[in-house]
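**Q** This is a predicted model, with the sequence first.
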Amino acid sequence: MLKKLGFFIVTICLLVACSDAKPHLEEILERGELRVLSRYGPTSYFVQGDQLAGFEYELAQQFADYLNVRLKIIVPDSLSSMLTQLEQGRADMAAAGLTVTPERRQRYRFGPVYHEVTQQLVYRAGTSRPSDITELGGRILEVVADSSHVENLQLLRQEIPDLYWAENHELDSSALLELVQLEMIDFTVADSNELAANQTLFPELRVAFDISDPQPLAWMMPASEDGTLHREMIAFFNYLDENGELDKLIEKYYGHIRRFDYVDTRAIHRRLITHLPQFHHLFKAAGEMYGFDWRLLAAIAYQESHWNPNAVSATGVRGLMMLTQATATELGVENREDPKESIFAGARYLVQMKSRLPDRISEPDLTWLGLAAYNIGLGHLEDARRLTEQNGANPDLWTDVREHLPLLAKQKWYSQTRFGYARGGEPVRYVDNIRRYYDILLHHQISADSPPVTPATSDPIQSLPAAL
């Protein structure tokens, strides 16, 4: 009888304690801090110089600002540890490019879907490419433990009993991609967005085939979450959809990633060693004078001349920044093949292009639009911006203008413009290429006669987004 009475008293106490528990959202607001689990990587969270960046980081920061609280990022040692900490309530949510799967739905609560990815089997160029999943026998397939990749492989094993793989409890997906690049393992599985973001770093990687249909990504919360944070999360994503901020963020981090060009990427990796060191001090000096990240200027020069100071085109433009004679004269350049004159003039010219655009345009769109004007001319860019506005899109957003620039090559559209015909697809490729080269430069240490310059010791251009 006493045991039953004791049990009854404990139960009453637990019920009272539960009734006194604060709602999850109220707890966060009183704490003044949103605790978010994430992971280091080009698609989630990374440090660039003295700034924090990454798609998931920026999205989480916007959510924290929406709640009017601080953001605290927690990076566990592994995915397994992240899931454990989430279940134990050590964080409010996880934002790490996590796939929504049936098994995870049984253990966690998910927010709204904000992106989709496809799982891909990755191998190294020069090795035998399997045509399907049955051809992996005798070779090493390694994946991240407790990942959605494991869940998918387990489903595939039901049809292919001989399918085997190793689960790594210590390394993340980016590290396994590097092991494939180094030929330490034969295959891994990666999400399509992560592979695209890493291919500039690992140019030998190839996709053998997709092993899943497109899968949704969403933020994850403990199953015990009482719904208050979840409801606020839904309202937040509805807000992002209405004002277009989610699309802007996706374009910012993924818009410039085009089809992987193996030859092009290998070429810039070689020239990082053979050509860039002799010019990087000039890029730094010009960047400091005109307010640019020196690596952005270097990316422009690589797109223009592949860092060849004696480059000459069929149309007569020449030098590192490939200046026309008219532009060189306007900028006071005496010798277009002089590296210092060319780099400083190119930076000055980009400043001019940006200064002639409306003040209301914010970064990074101002820089991308300025680069397009640098390539095609301000008049043609303004024609494209007018067409953009005419079609109900935003002429101040690069992602919108980017879609309308190719129309300048079609008579139906250029006949309506002031400056007429232009090969509008060229500035689109031009800006996309520069953004890719800028990404590569951000992730590589540049050696020279002077002490090496690394991304960690140089300040990125003010307000320009951290690249992947």
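**A** Sure, I can see it. Numbers count the residues shown, from 1 in each chain.

**Q** contacts, neighbours, all on C-alpha from now
**A** Fine.

**Q** Three-state assignment for residue 142, please.
**A** Following DSSP: H, G, I helix; E, B strand; the rest coil, the label given to residue 142 is strand.

**Q** got the contact list for the residue lying closest to it once chain neighbours are set aside?
**A** Distance criterion C-alpha to C-alpha, 6 or more residues apart in numbering; nearest residue to residue 142, sequence neighbours excluded, is residue 166 at 4.7 Å. Residues near residue 166 by C-alpha atoms under 8 Å, 6 or more residues apart in numbering: 140-143.

**Q** Equivalent analysis for residue 334, please.
**A** Contact analysis of residue 334 by C-alpha under 8 Å, 6+ apart lists 328, 341.

**Q** ok, now with 10 Å
**A** Remark: with contacts taken as C-alpha atoms under 10 Å, 6 or more residues apart in numbering, residue 334 is in contact with 325, 328, 341-342.

**Q** circling back: show the model's pLDDT score for the residue nearest to residue 142.
**A** Note for residue 166: predicted pLDDT of 94.

**Q** Check the gap between it and residue 143 for me.
**A** Counting by C-alpha to C-alpha, to the nearest Å, the separation of residue 166 from residue 143 is 6 Å.

**Q** What ranges in the stretch 251-400 of the chain fall below the confidence cut-off?
**A** Low-confidence segments of the stretch 251-400 of the chain, defined by pLDDT under 70, are located at 255-266, 314.

**Q** Quick check: nearest residue in space to residue 38, chain neighbours excluded?
**A** Using C-alpha to C-alpha, 6+ apart and skipping residues adjacent in sequence, the residue nearest residue 38 is residue 96, 4.8 Å away.

**Q** Just the local confidence number for that neighbour, please.
**A** At residue 96, the pLDDT value in this model is 93.

**Q** thought it was touching residue 57?
**A** Yes: at 8.7 Å, residue 96 and residue 57 qualify as touching, with contact defined as C-alpha atoms under 10 Å.

**Q** what sits in contact with each of these two?
**A** Shared contacts of residue 96 and residue 57, defined by C-alpha under 10 Å, 6+ apart, comprise 36, 38-40, 43-45.

**Q** Next, give me the two most distant ones among these.
**A** Between any two of the shared contacts of residue 96 and residue 57, the greatest separation by C-alpha to C-alpha is 15.4 Å, found for 36 and 43.

**Q** what bridges to residue 34?
**A** Taking DSSP bridges, one finds residue 71 as the beta-bridge partners of residue 34.

**Q** Quick check, pLDDT for it.
**A** Spelled out, the predicted local distance difference test score at residue 34 is 97.

**Q** can you check residue 12 too?
**A** Looking at residue 12, its pLDDT reads 44.

**Q** Against residue 137, how distant is residue 294?
**A** With distances taken as C-alpha to C-alpha, residue 294 is found 48 Å from residue 137.

**Q** Compare these two and say which is more crowded by neighbours.
**A** When neighbours are counted by other C-alpha atoms under 10 Å, residue 294 and residue 137 differ, and residue 294 comes out ahead with 26 against 13.

**Q** That one and residue 424, how far apart?
**A** When distance is defined by C-alpha to C-alpha, residue 294 is 27 Å away from residue 424.

**Q** just residue 362 next, same as before
**A** Distance of residue 362 to residue 424, given as C-alpha to C-alpha: 23 Å.

**Q** quick one, which of these two is more surrounded?
**A** Shown here are residue 362 and residue 424; by other C-alpha under 10 Å, residue 424 has more neighbours (23 against 13).

**Q** how about the nearest residue to the more buried one, chain neighbours excluded?
**A** Residue nearest to residue 424 in three dimensions, not counting chain neighbours: residue 406, with 4.1 Å by C-alpha to C-alpha, 6+ apart.

**Q** quick one: contacts for that neighbour?
**A** 384, 413-414, 422-428.

**Q** Please repeat the previous calculation with a cut-off of 8 Å.
**A** Contacts for residue 406 (C-alpha under 8 Å, 6+ apart) come out as 423-425, 428.

**Q** swap in residue 72?
**A** 33-36.

**Q** do the same with residue 394
**A** For residue 394, the residues meeting the contact criterion (C-alpha under 8 Å, 6+ apart) are 388, 400-401.

**Q** Equivalent analysis for residue 275, please.
**A** Under the criterion of C-alpha under 8 Å, 6+ apart, the contact partners of residue 275 comprise 307-308.

**Q** where do the strands sit along the stretch 51-200 of the chain?
**A** Shown for the stretch 51-200 of the chain, the strands assigned by DSSP state E, counting those that start in this stretch span residues 51-53, 70-74, 93-94, 108-110, 115-117, 119-124, 142-144, 166-168, 188-191.

**Q** lowest-confidence stretch among these?
**A** strand 51-53 (a mean of 78).

**Q** which secondary structure elements does that one contact?
**A** Using 3 or more C-alpha pairs under 8 Å, 6 or more residues apart in numbering; DSSP states H and E as the contact criterion, the neighbours of strand 51-53 among helices and strands are strand 46-48.

**Q** Show the average pLDDT along the strand it packs on.
**A** For strand 46-48, the per-residue pLDDT averages 70.

**Q** Residue 217 bridge partners, please.
**A** For residue 217, the beta-bridge partners under DSSP bridges are residue 99, residue 115.

**Q** who are the neighbours in contact with it?
**A** If you count contacts by C-alpha under 8 Å, 6+ apart, then residue 217 has 97-100, 113-117 around it.

**Q** repeat that with 6 Å
**A** By C-alpha atoms under 6 Å, 6 or more residues apart in numbering, the contact set of residue 217 is 97-100, 113, 115-116.

**Q** Likewise for residue 393?
**A** Residues in contact with residue 393, defined by C-alpha under 6 Å, 6+ apart, are absent; none qualify.

**Q** can you check residue 276 too?
**A** Contacts were defined as C-alpha under 6 Å, 6+ apart; by that measure residue 276 touches no other residue.

**Q** just the contacts of residue 72 now: which is nearest residue 108?
**A** The closest of the contacts of residue 72, once distances to residue 108 are taken by C-alpha to C-alpha, is residue 36, at 14.8 Å.

**Q** And for that closest one, the neighbour number?
**A** Under the neighbour criterion other C-alpha under 10 Å, residue 36 is assigned a count of 25.

**Q** where does it land in three-state SS?
**A** Classification of residue 36 into helix, strand or coil gives strand, according to three-state DSSP.

**Q** can you give me phi and psi for residue 320?
**A** In this entry, residue 320 is assigned phi and psi values of phi -50, psi -40 (degrees, to the nearest 10).

**Q** Wait, it touches residue 309, no?
**A** Yes: here residue 320 reaches residue 309: they are 4.5 Å apart, a contact under C-alpha atoms under 6 Å.

**Q** who has more neighbours, these two?
**A** Shown here are residue 320 and residue 309; by other C-alpha under 10 Å, residue 320 has more neighbours (30 against 22).

**Q** tell me the contacts of that one?
**A** If a contact means C-alpha under 6 Å, 6+ apart, then residue 320 has 301, 305, 307-309 as its contacts.

**Q** what about it, distance to residue 330?
**A** Computed as C-alpha to C-alpha, the residue 320 to residue 330 distance reads 17 Å.
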